[in-house]
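[1] This is a predicted model, with the sequence first.
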Amino acid sequence: MRALTPQRRLCLGACAFGRALDALGAPLDGGPPLRGRRVSLELRSPRPNERAAIGEPIWTGVRVIDGLLTIGRGARVGIFGAPGAGKTTLLESLVDGCAADAIVVALTGERGREAQHWIAQRNERTTVVCATSDRPASERVLAAHVAVAHAQALRERGLDVLLVLDSLARFAGASREIAVASGESAGRGGFPPSVFAELARLVEVAGAVCTGSITLIATVLSDGDDRDPVSEAARSILDGHIALSVALAQAGWFPAVDVLGSTSRTMDMVASEPHLRDARALRHTLSRLDRIKDARSLGIEPADGAARAAIAIESQIGNYLRQGRGSCDHVVTLSQLARLIELMEE
């Protein structure tokens, strides 16, 4: 797999701001060829002693994430969901509202129509690296490597970078094509063992160092089968996962985040104690509402006061978890969360 990224170099870093390019560094936006410092495509993960502790949040502008699944700056988070769950729309909202110095979007095996949309929506702090589904597997893998190398170059300049990878599952699929073609034996789910090593190698580049950070948000196509080897591997190497619900999406709920099925392993490191207390209280209330859902569908109303209090503000909770395409300031997000908890305790 390492042969895919030989010691070749491309013009990346500050010269690629606002640009769209393919896996070979050629422009996809109609602009001139990139000119500037050439960066090696060899991925280098920071050593443990080079990493900085995750100590502050990266606000995304998405209320349910900032309030209940707060992401630490330098974390690696997966967005898991089946087709139609709203992964792409959520990514667009994260890119629009994220408090990052630079954004790198890696489209690995994406449809041409979706890639064109991303290219058209980029702004001056965004770089899009794309290899569509019709490109050879080697280019699809290389596109992810180019995006990560670009993010590395920006981190070395002291910037806080949001790296969006869409998708980790398609990257694994392209890596599988290459590994099988080179004679490797297929293992679990048809994936040679080297594919999972390549996933870990890619993800480990993200993180915070003393000069800057790379926060990774990667989508993972998941149909709910916990035995899916790519989903299982991704959960083990990421710092959290955001699970999307097709049922919520079909009901017009955006973002269709299954809060109880999601977790952030960095939230305790970056959220204040009042924020953590309020988030735990709301998650507990959501769990209580979920437990009594079947009984309520049969017309059986709960007798205990805590459950009745949760039902009384169920609509306000729904309004908090749902959001339009606009961004929500984190100060407003946390104040609204605190107000919800006050309503529950009244």
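    Looks like it arrived, so ask away.
[2] mind checking which helix or strand of this protein has the lowest mean pLDDT?
    helix 293-297 (a mean of 79; mean pLDDT, DSSP states H and E).
[3] in the stretch 201-346 of the chain, what spans have low per-residue confidence?
    Residue ranges of the stretch 201-346 of the chain with pLDDT under 70: 223-226.
[4] For it, which segments count as strands?
    For the stretch 201-346 of the chain, applying DSSP state E, counting those that start in this stretch gives strands covering 207-208, 213-221, 240-243, 263-264.
[5] okay, the ones you listed, which one's buried deepest?
    strand 213-221 (a mean of 27; mean count of other C-beta atoms under 10 Å). Where C-beta positions appear, they are placed from N, C-alpha and C, glycine not excepted.
[6] Can I get it in CSV, CA atoms only?
    The C-alpha coordinates for strand 213-221 follow below in CSV (Å, rounded to 0.1, in the frame of the first residue of the first chain):
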residue,chain,number,x,y,z
SER,A,213,-4.0,20.9,14.9
ILE,A,214,-5.9,18.7,12.4
THR,A,215,-9.4,17.7,13.5
LEU,A,216,-10.7,14.9,11.3
ILE,A,217,-14.4,14.3,10.5
ALA,A,218,-14.9,11.2,8.3
THR,A,219,-18.1,9.7,7.0
VAL,A,220,-18.6,5.9,7.3
LEU,A,221,-21.3,4.2,5.3
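[7] chain center to it: distance?
    4 Å (C-alpha atoms, centre = their mean, to the nearest Å).
[8] same question, stretch 85-95
    On C-alpha atoms, centre = their mean, the centre of stretch 85-95 falls 9 Å from that of its chain.
[9] how about it: buried residues?
    For stretch 85-95, a neighbour-count test (16 or more other C-beta atoms under 10 Å) marks A85, G86, K87, T88, L90, L91, E92, S93, L94, V95 as buried.
[10] Between those, which sits nearest S264?
    L94 (13.8 Å; C-beta to C-beta).
[11] Take the buried residues of stretch 85-95 and keep only those in helices.
    Taking DSSP state H, the ones among these that sit in helices are K87, T88, L90, L91, E92, S93, L94, V95.
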